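Engineer: need the 3D shape of this:
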Amino acid sequence: MIWWLKARRVHPYLVWGMVAFTAAALVIQDSTVIVPSFGVAEALATEGFTPISFFVPLIMVGALAQTLDNRLPSAEESGVRRVRWMDSGLIIATMAVVVVLAVVGNWVTGSEDVLTSGRSTCFLAGLMLCARALVSRSGIILPLAWTFAVIFFGRRTSLDYYEWAVTAQPPGNTLAQTCAAAALALGLVLTHYSRDTL
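Structural biologist: Just a heads-up that it's a prediction; the model follows:
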């Protein structure tokens, strides 16, 4: 267990990633930035305000990807410990802590964007895990591409996002919650059974 934690570099990546995620979410809260959106017809002055919190989940997604990419292939393939199960447990525990941090952050600040960041992290992490099972380390690109797709093409109006823009939906949106859970579950399954992610 100790060698696995050291090989994955959990402390420098995940722990500090959680610190950065929490700090960013608490500092940014409901702040916005003007970014052009190609999916709306109105003027940029009224339609281009994008929550900076859209980018906060990428901190933890990147930290998790970096952690999983740190490994000792020969030792893991020849060892008797179930490394795949430990990795799956690490992913679940990480996402659980992220959700708890988001809930506590929402309780402290009252910001819905802080709360949404927990669900968005689970969804984007699921996308990253699915892509990683297929294209290895390049899978980190998918969550980033999704985030920019939502920003540029995900809106009907400034406050009305398309259903597929999961990361932009309000906290209580059932479809977004279902998509986040499904993406994470599928990502876990693909990670567990893919040889490329060992």
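Engineer: lowest average confidence, helix or strand, in this protein?
Structural biologist: Ranking every helix and strand in the chain by mean pLDDT, DSSP states H and E puts helix 44-47 at the bottom, with a mean of 44.
Engineer: contacts for whatever helix or strand Leu144 lives in next, please.
Structural biologist: When elements are assigned from DSSP states H and E, Leu144 belongs to helix 141-153. The contact list for helix 141-153 (C-beta atoms under 8 Å, 6 or more residues apart in numbering) reads 35-39, 50, 54-55, 57-58, 61, 124-125, 127-128, 130-131, 161, 165-168. C-betas here are computed from N, CA, C, even on glycine.
Engineer: now do the helix or strand that that helix is followed by: everything it contacts.
Structural biologist: Using DSSP H and E, the helix or strand that follows helix 141-153 towards the C-terminus is helix 174-193. For helix 174-193, contacts defined as C-beta under 8 Å, 6+ apart pick out 68, 84-85, 87-88, 91-92, 95, 119-120, 122-123, 125-130, 132-134, 163, 166-167, 169-170, 197.
Engineer: filter these down to the ones in strands?
Structural biologist: The members of the contacts of helix 174-193 all map outside strands under DSSP state E.
Engineer: still on that earlier bit, quick one: average pLDDT of the helix holding Leu144?
Structural biologist: If you average the pLDDT over helix 141-153, you get 92.
Engineer: now find how far off-centre it is within its chain.
Structural biologist: Centroid separation between helix 141-153 and its chain, computed with C-alpha atoms, centre = their mean, to the nearest Å, is 12 Å.
Engineer: in that helix, what counts as buried?
Structural biologist: Counting neighbours by 16 or more other C-beta atoms under 10 Å, one finds that the buried residues in helix 141-153 are Leu142, Pro143, Leu144, Trp146, Thr147, Val150, Ile151.
Engineer: cool, stretch 93-102 as well?
Structural biologist: For stretch 93-102, the neighbour count (16+ other C-beta under 10 Å) marks Thr94, Met95, Val97, Val98, Val99, Leu101, Ala102 as buried.
Engineer: let me have those in JSON lines, extended by pLDDT.
Structural biologist: Listed next are the buried residues of stretch 93-102 as JSON lines, based on pLDDT from 0 to 100:
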{"residue": "Thr94", "pLDDT": "92"}
{"residue": "Met95", "pLDDT": "94"}
{"residue": "Val97", "pLDDT": "94"}
{"residue": "Val98", "pLDDT": "94"}
{"residue": "Val99", "pLDDT": "95"}
{"residue": "Leu101", "pLDDT": "94"}
{"residue": "Ala102", "pLDDT": "93"}
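Engineer: any chance of those in JSON lines, with secondary structure and distance to Val189 too?
Structural biologist: Output for those, formatted as JSON lines (DSSP: H, G, I helix; E, B strand; the rest coil; distance: C-beta to C-beta, whole Å):
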{"residue": "Thr94", "secondary structure": "helix", "distance to Val189": "17"}
{"residue": "Met95", "secondary structure": "helix", "distance to Val189": "14"}
{"residue": "Val97", "secondary structure": "helix", "distance to Val189": "21"}
{"residue": "Val98", "secondary structure": "helix", "distance to Val189": "20"}
{"residue": "Val99", "secondary structure": "helix", "distance to Val189": "20"}
{"residue": "Leu101", "secondary structure": "helix", "distance to Val189": "25"}
{"residue": "Ala102", "secondary structure": "helix", "distance to Val189": "24"}
